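1. Quick one, structure for this:
(one chain, ligands or ions: 1)
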Amino acid sequence: MLFNRKKNAHEEKIDPHNLPRHIGVIMDGNGRWAKKRHLPRSAGHRAGADTFEKIVKYCDKIGIKAITAYAFSTENWNRPKEEVDNLMNLLYEYLLQAEEKFAGKNIILRVIGDRSALSDKINKAIDHAIEITNGNTGIVLNMALNYGGRDEIVRAARIAAADALNGKIGISDINEDYLDRHMYTADNPPVDLIIRPSGEKRLSNFLLWQAAYAEFWYSDINWPDFSEKDMEQAIIDYQKRSRRFGKI
Ligand code: FPP
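-> Below is the predicted model:
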C-alpha cells in the first residue's frame, strides 16, 4: 500500500510528543521527474535540491532533531561523467551560498561519507559551510556525500582493528555499542524513520547500520514533487506504527 496524500490527511495532525528523532531521506526520482517534463536530468536534480531545502526547513520547524539526506552515493560515480559533474556543480553552488542559506538559521550542517574522493574545491566549500553553521542550535542536517552504508561499516571495522592493534581496546571491546560510536551518525539520535519516494522500495546502501530498527516509509511521488504535506503524512503514518524492537 502506498501512503500517499491520503484524502483525510488534513484531519490528522502530527503528535509533537512522538516525533521521529532522526529522519533519513533517499531523494529519488529526480530523473523521472525531468523525463516526464521533457527536461534534462540536470533540471530534475536542481528541482530536487530545491525540495531538499524546503523539506529541511520544514523538519526544523516542526522540531525534528536530525535529518540525513542521501545526496551522492558511493555508487553514483558510475553514472555518466556529465551527470556526476552536474551533481557536483549543483552541490558546489549550494555550498557557495552557505552564508545566505545557513547564517542566522537553525540548521547545523554536517557531511557524512568519504570526503577524500571529493575535489579540494568542494571540500573547502564544505568546511566553510560547516563553520558557518557551528553556532546554530536547531536541526542537524547530515548531507550524505560519497556515502555508502557498507563503506561506513568497513570504516568502523578498520578503526576497531587499528585500536585493537594499538592495544587501545581488546577484541571483546568491539561490540555493537563500540561500532555504533564509530558510525558517522554517532552524535545523532537514532534514525527512527527512513523515507524513499519515487516508488522504489530498497535501501540502496543507505544507513545500513542505522536502519536496523528504523521504520520505512515510501511513496510513488518523485522527490522534486515531495511536499511538506507528504512529510507530514510520513510522520503521521510513522506515529501509527507499533515499534517493538524485537519484543512482543
Ligand atoms: C536519485 O534520483 C537522486 C540522486 C542520485 C541525487 C540526489 C541529489 C539531489 C536531490 C540534489 C542534491 C543537491 C543538493 C545541493 C542538496 P535519480 O537521478 O536516480 O532519479 P531517477 O531514478 O528517476 O532517474
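2. Number of residues surrounding Ile174?
-> Residues contacting Ile174 under the criterion other Cβ atoms under 10 Å number 18. In short, each C-beta sits where N, CA and C put it, glycine included.
3. how near is it to Ala186?
-> From Ile174 across to Ala186, the span is 15 Å (Cβ to Cβ, to the nearest Å).
4. go on, Ala212?
-> With distances taken as Cβ to Cβ, Ala212 is found 15 Å from Ala186.
5. The two: which is more packed in?
-> When Ala212 and Ala186 are compared for neighbours, Ala212 comes out ahead with 13 against 10, by other Cβ under 10 Å.
6. That one and Ile67, how far apart?
-> Look at Ala212 and Ile67: by Cβ to Cβ, they are 19 Å apart.
7. Just the helices from this protein, written as ranges.
-> Here the chain has its helices, by DSSP state H, at 30-36, 41-62, 81-96, 98-102, 120-133, 149-165, 176-180, 228-240.
8. Which strands or helices does the fourth one pack on?
-> Helix 98-102 is packed against helix 120-133, with contacts defined by 3 or more Cβ pairs under 8 Å, 6 or more residues apart in numbering; DSSP states H and E.
9. Any residue of the helix it packs on touching the ligand?
-> No. On the criterion Cβ under 6 Å from any ligand atom, helix 120-133 is out of touch with the ligand, staying 10.8 Å away.
10. Using PDB, write out every CA atom in that helix.
-> The C-alpha trace of helix 120-133 is given here as PDB (Å, rounded to 0.1, in the frame of the first residue of the first chain):
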ATOM      1  CA  ASP A 120      39.600  20.200  -3.000                       C
ATOM      2  CA  LYS A 121      37.300  22.900  -4.200                       C
ATOM      3  CA  ILE A 122      34.200  21.100  -2.800                       C
ATOM      4  CA  ASN A 123      36.000  20.100   0.400                       C
ATOM      5  CA  LYS A 124      36.900  23.800   1.100                       C
ATOM      6  CA  ALA A 125      33.300  24.800   0.400                       C
ATOM      7  CA  ILE A 126      32.100  22.100   2.800                       C
ATOM      8  CA  ASP A 127      34.400  23.300   5.600                       C
ATOM      9  CA  HIS A 128      33.300  26.800   5.100                       C
ATOM     10  CA  ALA A 129      29.600  26.000   5.200                       C
ATOM     11  CA  ILE A 130      30.100  23.800   8.300                       C
ATOM     12  CA  GLU A 131      31.900  26.600  10.000                       C
ATOM     13  CA  ILE A 132      29.100  29.000   9.400                       C
ATOM     14  CA  THR A 133      26.600  26.600  11.000                       C
END
